[in-house]
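**Student:** quick one: sequence and predicted model below, then my questions.
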Amino acid sequence: MPSKTLKSGCVQLRHRPDDPGNRRQLTAAVEQAARQGCRLVLLPELHAGAYFCQTEDPARCDLAEPVPGPTTDWLGSLARELDLVLVGSVFERRAAGIYHNSAVVLDSDGHLAGVYRKMHIPDDPGFYEKFYFTPGDLGFSPVDTAAGRLGVLVCWDQWFPEAARLMALAGAELLLYPTAIGWDPADDPAEQARQLDAWITVQRGHAIANGLPLLACNRVGHEVAGPECDLGTGPEADAVAGGIAFWGNSFCCGPQGELLARAPADDETLLLTEIDLGRAEQVRRIWPFLRDRRIDAYGDLLRRWRD
């Protein structure tokens, strides 16, 4: 198969305490990616500000905005100016009391090519996303862009093989995961290493099982819940009080799970990668997992548990 090379970039940044600072850094990184020849740039999850889901606070719903709205207008202008595809993240206000954690895809002409609403919503100490986000209802549909057909998922979705498989079955050429994941600083180094290794391994598994390249773009840096939050007492409160050390490690892998590029755990990085989108078909010819699936025997996957 002929090569179809796509130069891509993951913008791994730490949060700044003010919105103009965040935008300046993101804009500068995307501009740098364009100068390096990138046709696709992926931003981290909820990049507009701090990761606010560490605690439950109804007032933070004021941060939500419509889609289309201010963030998509900004990202669309940037994509059009730089002639690249830009995948961003928005705390979407759909209606009063209905909010989503949404990925937005701005095509190289600046128009909003597609939206994906996060389907799997976590609820753990420090990651109280069920309080804020309604589960997505747009399904697993790739977005056609000038950079290819993109299978965009979000963070917690990256642990579920079904999500990646459904994107692949709909013709995605590339899997993308904007992410906000990190350690509890109280975890010992061995536990932190296990968590990070699991995160990378499961996503490489999705790439292998579906014969697709994959980009994962994470936040980096330590973020605390904030002094204004009443955390209460107990083990969960102690975990939240320690904040989250976002572990970076944004990476790109190929359709056999091979690591093409990986960012460090603790530094802001513009991770640039050359991806051969045409290689997926070569790999699928020798590892024909999609051909050999026993779709006649998988009905029980629609059950929560086989009693």
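**Tutor:** Great, that's in hand.

**Student:** buried stuff in the biggest strand by length in the chain?
**Tutor:** Counting residues, the longest strand found in the chain (DSSP state E) is strand 85-95. Neighbour-count burial for strand 85-95, with 16 or more other CB atoms under 10 Å as criterion, is recorded at Val85, Leu86, Val87, Gly88, Ser89, Val90, Phe91, Glu92, Arg93. Every C-beta, even on glycine, is put in place using the N, C-alpha and C of the backbone.

**Student:** from what I can see, Val41 looks like it's in a strand, true?
**Tutor:** Yes. Counting by DSSP: H, G, I helix; E, B strand; the rest coil, Val41 falls inside a strand.

**Student:** would you point out the helix or strand in the chain whose mean pLDDT is lowest?
**Tutor:** helix 235-241 (a mean of 51; mean pLDDT, DSSP states H and E).

**Student:** I'd like the next helix or strand past that helix.
**Tutor:** Next along the chain after helix 235-241, taking DSSP states H and E as the criterion, comes strand 244-247.

**Student:** which other helices and strands does that following strand contact?
**Tutor:** Other helices and strands packing on strand 244-247, by 3 or more CB pairs under 8 Å, 6 or more residues apart in numbering; DSSP states H and E, are strand 182-183, helix 189-210, strand 220-223.

**Student:** which of the ones you listed sits most buried?
**Tutor:** strand 182-183 (a mean of 24; mean count of other CB atoms under 10 Å).

**Student:** how close does Gln256 sit to Leu196?
**Tutor:** 21 Å (CB to CB, to the nearest Å).

**Student:** can you check Arg165 too?
**Tutor:** Going from Arg165 to Leu196 by CB to CB gives 24 Å.

**Student:** cool, Val105 as well?
**Tutor:** Taking CB to CB, one finds Val105 at 28 Å from Leu196.

**Student:** now the stretch 151-300 of the chain, which segments are flagged as low pLDDT?
**Tutor:** Under the criterion pLDDT under 70, the flagged ranges of the stretch 151-300 of the chain are 226-241.

**Student:** swap in the stretch 1-150 of the chain?
**Tutor:** 1-3, 19.

**Student:** can you give me the helices for it?
**Tutor:** 19-35, 70-82 (DSSP state H, counting those that start in this stretch).

**Student:** next, format these as JSON lines and append mean neighbour count and distance to Gly182.
**Tutor:** Shown next, in JSON lines, are the helices of the stretch 1-150 of the chain (neighbours: other CB atoms under 10 Å; distance: least, CB to CB, whole Å):
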{"stretch": "helix 19-35", "mean neighbour count": "16", "distance to Gly182": "18"}
{"stretch": "helix 70-82", "mean neighbour count": "19", "distance to Gly182": "23"}
